[in-house]
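>>> next one to model:
(one chain, ligands or ions: 1)
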Amino acid sequence: MDLKDKAVLVTGSSRGIGLAIAQEFARQGSHIILNARHAIDDEIKAQITQYGVQCWDFSADVTSMDSAKNLIAQIMEQVGHIDVVVNNAGITRDGLLNRMSEEDFNSVLQTNLVGTFNVIRQALRPMYKQRSGCFINLSSVVGLTGNIGQANYAASKAGIIGLTKSVAQEVALRGLRCNAIAPGMIDTQMTQALSAKRQEEIVAQVPLKRFGQIQEIAQTAVFLAQNDYITGQTITVDGGLTMQ
Ligand code: NDP
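Alright, predicted model coming up:
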C-alpha cells in the first residue's frame, strides 16, 4: 500500500507507542486520526501536522461499541475514507491472581480485546465498501508467553492474536488484511511505572540488553501497512526476548 494521502486511525494515540505510530505514518504522507478518551492537545497535533498532512482528533472510549460506532461515523463524515486502523489503545491492571479483582480482570479484557473488536467491527462496513485497507492490532510478547501478575493482560493480548488470525481469514476475500505486533519491553510510561530493580531484571533477560524504542514499533506498523502480502501474522519486536 502506498501510504501517501491514506487515512490512518490510531486508537490510544495521545502518547507512547500510539503517538509514535501516528507520527511514523504522517512521515509517510498519511493523514492521521488521533484518538484517546479525552481531547488531545494542540501541541501533540502539531507533531503530526509538521509533516504537511491533515490531523483530526476524535475522542472515543473504545470499550463501548456505541462509542466505536460514533468514532467511525465521524471519520466517514469528516475524513471520507479509512485505510489503516491501528488498534493500539491498551491498559494494564497488574496483580497476582489471588489478589486480582474481577473489575481489574474485566477492565483489561474490555479495553484491550473487546475494544479492538469494537473498532474493527465498526470499521468493517466502510472498509468492505472500499475493498482495500488493513488492521494492525497491538498485542504483546506477554500474550505469547504469559507473565506472573499479568493474567488479565496476557489473556487480552493472547486473545488479540486469535482475533487477528480470524479477522485476517474473514476479510481477505474483500481485499483487506489484518496483522498484529507483539512488542517486548518498550520504553514508555507503561514500563517506566515498573521499579528500577524490575527494569534491570528485565533488561538482563533481553539478548539485545536494552528496552525497545517506540519508533521501532512504529516502523513495524508502517511496514505491515505497506506490504500487501502479509496477513494473519503477529510480528514480535522484542530484542530477542522470546525466540521461537
Ligand atoms: P500508554 O499507556 O502510554 O498509552 C495508552 C493510550 O491508550 C493512551 O493514549 C490512552 O489515552 C489510550 N487509551 C486507554 N484506554 C483507552 C480507551 N478505553 N479508549 C481509547 N483510548 C484509550 O501505552 P503504551 O504506549 O505503553 O502502549 C500502547 C499499546 O502497546 C498498548 O496496547 C500496550 O498494551 C501495547 N504494548 C506496550 C508495551 C510497552 O512496553 N509499553 C509492550 C507490549 C505491548 P487516555 O488514557 O487519555 O484515554
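>>> for the spatially most central residue of the chain, give me its contacts.
In the chain, the centroid-proximal residue (C-alpha atoms, centre = their mean) is N88; its distance is 2.1 Å. The contact partners of N88, by C-beta atoms under 8 Å, 6 or more residues apart in numbering, come to V10, T11, G12, S13, I17, G18, I21, L138. Heads up, the C-betas are built off the backbone N, CA and C, glycines and all.
>>> what's the longest strand in this structure?
When the chain is scanned for its longest strand (criterion: DSSP state E), the result is strand 176-183.
>>> correct me, but T220 touches I235?
Yes. At 5.7 Å, T220 and I235 qualify as touching, with contact defined as C-beta atoms under 8 Å.
>>> mutual contacts of the two, please.
Counting by C-beta under 8 Å, 6+ apart, the shared contacts of T220 and I235 are I181.
>>> could you tell me which residues of the chain lie near the ligand?
11-18, 35-38, 61-63, 88-91, 111, 115, 138, 140, 183, 185-186, 188-191 (C-beta under 6 Å from any ligand atom).
>>> shaky segments in this protein?
244 (pLDDT under 70).
>>> do that again at 90, thanks
189-194, 198, 243-244 (pLDDT under 90).
>>> can you give me the strands for it?
Under DSSP E, the chain gives strands at 7-10, 31-34, 55-57, 84-87, 133-138, 176-183, 234-237.
>>> got the angle for the helix of greatest length in the chain vs strand 133-138?
Longest helix in the chain, counting residues (DSSP state H): helix 151-171. In terms of direction (axes from the mean of the first three to the mean of the last three C-alpha atoms, to 10 degrees), helix 151-171 departs from strand 133-138 by 160 degrees.
>>> list the buried ones in helix 151-171?
For helix 151-171, burial by neighbour count (16 or more other C-beta atoms under 10 Å) applies to 151-161, 163-165, 167-168, 171.
>>> for it, name the packing helices and strands.
helix 102-108, helix 115-130, strand 133-138, helix 142-145, strand 176-183 (3 or more C-beta pairs under 8 Å, 6 or more residues apart in numbering; DSSP states H and E).
>>> and the gap between the residue lying farthest from the centre of the chain and the ligand?
Most distant from the centre of the chain: N98, at 29.3 Å, with distances by C-alpha atoms, centre = their mean. Separation of N98 from the ligand (C-beta to the nearest ligand atom, to the nearest Å) stands at 23 Å.
>>> would you agree A182 is in contact with T220?
No. With contact defined as C-beta under 8 Å, A182 does not count as touching T220 (9.8 Å).
>>> of those two, give the one with the bigger neighbour count.
A182 (25 against 21; other C-beta atoms under 10 Å).
>>> show me what contacts the more buried one?
139-141, 143-144, 157, 161, 234-238, 242.
>>> which among the residues you listed gets closest to the ligand?
S140 (3.6 Å; C-beta to the nearest ligand atom).
>>> show the contacting residues for that closest one.
Residues in contact with S140 (C-beta under 8 Å, 6+ apart) are Y153, A154, K157, A182, P183.
>>> go with 7 Å
K157, A182, P183 (C-beta atoms under 7 Å, 6 or more residues apart in numbering).
>>> re the thing from before, want to throw the helices and strands packed on helix 151-171 into CSV with distance to Q50?
Converted to CSV, the helices and strands packed on helix 151-171 look like this (distance: least, C-beta to C-beta, whole Å):
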stretch, distance to Q50
helix 102-108, 34
helix 115-130, 26
strand 133-138, 23
helix 142-145, 34
strand 176-183, 25
